[in-house]
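Visitor: sequence first, predicted model second:
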Amino acid sequence: MQPFKSDFEAAKALKCGDMRALEHFYRQYQQAMFQFLKAYCRDASVVTEMIQDAFLQLWENRAKINEQQNVKNLLFTISKHKVIDQLRKSQQREKILKLKYKPQEEVFSTLDQVILADYQRLLSSALMQLPERNREVYSLSRNTHLSNAEISSRLNISVKAVEKHITKTLRFLKVFLQKEQVLIFFLLLHSILF
């Protein structure tokens, strides 16, 4: 049996701080509010949170309630503002992510492109000197951007083995490229001087 005969009676009780009145409105309108908000937000947990926030706001502002005002309309107005706020937050997050991960458009000079091509050639040459498994692990880590656990699972080896292959490859590349840097420096110096 419902303790309140009408929403107006429940609104009077809510204004006086009767928690049963809040429960009355929750039972009456929670499902309709859920359907209303679900049309704008697909995430059910976010919708549930917005509904809880709306009822919390109603409770916190209960002293300001006009007893003749339709509380259902008030709840849906509060819900509408909650969903608008949520949409604004989502749009701001998207803008931030777009700015954060916006590809940097750089104009490379011909010399930059030649140097980049040389470095890529050197890297390929160095990688070809490594065992197949090291190349495979390095490629999955650096080119495919898989985590060590994902590589471990894909290649059916332990995470420690993945770490060992990556460490060995990086050490080899460091030594190889240091030797090649000296050679490149002398070649560039030679081309400038002669």
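Guide: Arrived safely, thanks for sending.
Visitor: let's verify His145: helix, strand, or coil?
Guide: Judged by DSSP: H, G, I helix; E, B strand; the rest coil, the three-state class of His145 is coil.
Visitor: got the contact list for it?
Guide: Listed by C-beta atoms under 8 Å, 6 or more residues apart in numbering, His145 has no contact partners. In this view, the C-beta of every residue, glycine as well, is placed from N, C-alpha and C.
Visitor: quick one, phi/psi of it?
Guide: Per-residue torsions, His145: phi 60, psi 40 (degrees, to the nearest 10).
Visitor: per-residue pLDDT, it?
Guide: His145 carries a pLDDT value of 88.
Visitor: ok, Gln68 next?
Guide: With respect to pLDDT, Gln68 has a value of 77.
Visitor: quick check, it in contact with Phe8.
Guide: Yes: contact criterion C-beta atoms under 8 Å: Gln68 and Phe8 qualify, at 7.1 Å.
Visitor: for the protein, which segments count as helices?
Guide: Under the criterion DSSP state H, helices of the chain are mapped to 7-15, 19-38, 44-60, 71-100, 110-128, 132-138, 148-155, 159-193.
Visitor: go through those helices and pick out the most buried.
Guide: With neighbours taken as mean count of other C-beta atoms under 10 Å, the helices of the chain reach their highest mean count in helix 7-15, at a mean of 19.
Visitor: can you name the residues that contact Leu75?
Guide: Residues near Leu75 by C-beta under 8 Å, 6+ apart: 25, 29, 33, 54-55, 58.
Visitor: 6 Å - rerun?
Guide: Residues near Leu75 by C-beta atoms under 6 Å, 6 or more residues apart in numbering: 29, 54.
Visitor: ok, it to Leu97 distance?
Guide: Distance of Leu75 to Leu97, given as C-beta to C-beta, to the nearest Å: 33 Å.
Visitor: and Ser124, by the same measure?
Guide: The value you get for Ser124 to Leu97, if C-beta to C-beta is used, is 33 Å.
Visitor: what do you get for Leu74?
Guide: 35 Å.
Visitor: try Lys89
Guide: From Lys89 across to Leu97, the span is 13 Å (C-beta to C-beta).
Visitor: now Asn66. Its backbone dihedrals?
Guide: Torsion angles at Asn66 (phi, psi; degrees, to the nearest 10) stand at phi -80, psi 120.
Visitor: tell me where the model's unsure across this structure.
Guide: Along the chain, the model assigns pLDDT under 70 to residues 1-2, 100-112, 114-116, 180-194.
Visitor: same thing but 80
Guide: Within the chain, the set of residues satisfying pLDDT under 80 comprises 1-3, 67-69, 92-123, 173-174, 177-194.
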